[in-house]
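In: test case, fold it:
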Amino acid sequence: MLSVTNPRLKYLFQRYFEASLSNEEKEEFFDIINQAQYDEELKRLMNEVWTQLSPFYRLTDEQSKRILSGILPSLFQRRRILRRKKTRMLKWSAIAASLLILLSGGWMWYRNNAKKKSAVASVEMETQYNNGVLPVANKTLLILGNGKSVVLDSVGNGIIAKQGGIPVIKLNGQLSYSGQTEESTVTLYNTILTPRGKQYRVILPDGSQVWLNAASSLRFPTRFINGIRSVELTGEAYFEIADYQDEPFVVKTNGMQVDVLGTRFNVMAYKSDADVKTTLVQGSVRVSKGNEKVILKPNEEASLENSGNNSIQVKKADIQAALAWKNGLFLFHNADIKSVLREIVRWYDVDIIYEGGVNAHLNGMISRKASLSEVLNMIEITSNIKFKVEGKKVTVMSTVEN
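Out: Below is the predicted model of the structure:
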């Protein structure tokens, strides 16, 4: 059967994949894909996205059939098309299943536990929680050299301050110090602080770019002098460093120092986490603690216990997981449940209380645009963990008796 071209389908498919459809557009999208004449075109669109996906997100045929059987009733239960649509979708096997997981709210989870069932995945369009807490939008602060605070969320675009002759420019959610400067010998230090649930981008005086994750801070001078480019980080940030061969770039954080020459890397240094981690994407960095020094190659990660009691450990990096936050995702590869929940705390501004022992490792992906209830619901489906949400308090319980 020849495929029928529908430009509107391509538009709606792309918007749905980006999670930017309105409710009306979603209904239109489902109405179109319910028509058998568009099967070939829909499969072609799915294939285009499929080729761009990491193998990590691809499922076996067995997993796909199980997932499709579970999620199609939720997707189509109110559209009177369940039997016909399910039969057609099942023919698409792994591609359809993997993409439906991504399209249906942008999530995929499966549990890695040899003692129990093998990989399980599911999607629910409705959650069991009344608490639909979305990522919080508290205020991002800029502390100027004189101690004055500027609430970045409350000021418009343009020059918001001058620091030692340097104009501080805000433009659409980013801060820039790389504009034209006035003559001045004064070097001031500024600090940007992000709250839970908020990220921010900063362009430093040398043109280097920094993406600051939630619950983080970056202290930096308004001009780099004497061949030294040095900043101080708490929390997490991704750096793209301007290449000045004679001027090393230094990141200081929690007992670890990272020396850089023109590179891209991520530093995670939350005090609530067990380790400080530096992940190298491109270029070269030297990680040091006291007299101990380690040179990282691309796709390597250096870690150091926050307690400072061990030496620097180097291993192959999981670049996708390390940079997921910058790409608007939660992404976990065999992650301990407590490390997963620490990320949730920082993003949704909630408090976690453990009731008894909990032990689980998770693999999966979900958009950071999802509500708290959606994230918790997916974890419950694919683990032995249960949650009780009361306002901003989340109680974590195990369904397995110790």
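In: point out where the stretch 151-300 of the chain drops to low pLDDT.
Out: 179-185 (pLDDT under 70).
In: kindly state the domain boundaries assigned to the protein.
Out: 7-104, 106-133+327-402, 141-322 (automatic domain parsing).
In: next one: the helix or strand containing residue 278 to chain centre, how far?
Out: Counting by DSSP states H and E, the element that carries residue 278 is strand 275-282. Put simply, strand 275-282 sits 15 Å off its chain's centre (CA atoms, centre = their mean, to the nearest Å).
In: would you mark the buried spots in it?
Out: Within strand 275-282, the residues that count as buried by 16 or more other CB atoms under 10 Å are 275-281. In short, each C-beta sits where N, CA and C put it, glycine included.
In: turn the residues you listed into CSV, columns for distance to residue 31.
Out: Supplementary listing: the buried residues of strand 275-282 in CSV, determined by distance: CB to CB, whole Å:
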residue, distance to residue 31
275, 50
276, 51
277, 47
278, 49
279, 44
280, 48
281, 42
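In: closest to residue 37 among these?
Out: residue 281 (44.5 Å; CB to CB).
In: so how far is residue 249 from the closest one?
Out: 15 Å (CB to CB, to the nearest Å).
In: what of residue 340?
Out: For residue 340 relative to residue 249 (CB to CB), the value is 31 Å.
In: what about those two, which has more around it?
Out: residue 249 (24 against 20; other CB atoms under 10 Å).
In: so who does the more buried one touch?
Out: Listed by CB atoms under 8 Å, 6 or more residues apart in numbering, the contact partners of residue 249 are 206, 208, 229-231, 239, 241, 259-261.
In: give me the buried positions along stretch 200-214.
Out: Buried residues in stretch 200-214 (16+ other CB under 10 Å): 200-206, 208-214.
In: contacts for that stretch next, please.
Out: Applying CB under 8 Å, 6+ apart, the contact partners of stretch 200-214 are 140, 152, 166, 173-178, 192, 194-199, 218, 220-224, 229, 231, 235-242, 244, 247, 249, 325-326, 346-347.
In: so which of those residues belong to strands?
Out: Among those, the residues falling in strands (DSSP state E) are 166, 174-176, 192, 218, 220-221, 229, 231, 235-240, 249.
In: type out the ChimeraX command that picks the buried ones from these.
Out: Command for ChimeraX that selects the buried part of those, burial taken from 16+ other CB under 10 Å:
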select :166,174,175,176,192,218,220,221,229,231,235,236,237,238,239,240,249
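In: tell me the spacing between the most centrally placed residue in the chain and residue 194.
Out: In the chain, the centroid-proximal residue (CA atoms, centre = their mean) is residue 325; its distance is 2.0 Å. Using CB to CB, residue 325 is found at 12 Å from residue 194.
In: centre of the chain to the helix or strand where residue 374 lies, how far?
Out: Residue 374 belongs to helix 372-381 when assigned by DSSP H and E. Centroid separation for helix 372-381 versus its chain: 16 Å, with CA atoms, centre = their mean.
In: helices or strands next to that helix in the packing?
Out: strand 108-111, helix 337-348, strand 361-367, strand 385-390 (3 or more CB pairs under 8 Å, 6 or more residues apart in numbering; DSSP states H and E).
In: please save the CA atoms from the last one in CSV.
Out: Provided in CSV are the C-alpha atoms of strand 385-390 (Å, rounded to 0.1, in the frame of the first residue of the first chain):
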residue,chain,number,x,y,z
ILE,A,385,9.9,1.0,46.2
LYS,A,386,6.7,2.8,47.3
PHE,A,387,6.2,6.5,48.0
LYS,A,388,3.8,8.5,50.2
VAL,A,389,3.6,12.2,49.3
GLU,A,390,2.4,14.7,51.8
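In: and that strand, which residues are buried?
Out: The neighbour-count check on strand 385-390 (16+ other CB under 10 Å) flags 385, 387, 389 as buried.
In: residue 337 versus the first one, what's the distance?
Out: By that I understand residue 385. From residue 385 to residue 337 the distance is 6 Å (CB to CB).
In: between these two, which contacts overlap?
Out: Common neighbours of residue 385 and residue 337 (CB under 8 Å, 6+ apart) are 358, 360, 379, 396.
In: any weak-confidence spans in the stretch 1-150 of the chain?
Out: 1-5, 16-21, 34, 36, 46-137.
In: now do the same contact list for the residue nearest to the centre of the chain.
Out: So residue 325 contacts 199, 213-214, 236, 343, 368 (CB under 8 Å, 6+ apart).
In: and it, how far is that from residue 197?
Out: 12 Å.
In: can you give me the helices for the stretch 151-300 of the chain?
Out: Ranges of helices in the stretch 151-300 of the chain, per DSSP state H, counting those that start in this stretch: none exist.
In: circling back to that earlier point, most widely separated two among the shared contacts of residue 385 and residue 337?
Out: So, the shared contacts of residue 385 and residue 337 by CB to CB: farthest apart are 358 and 379, at 10.9 Å.
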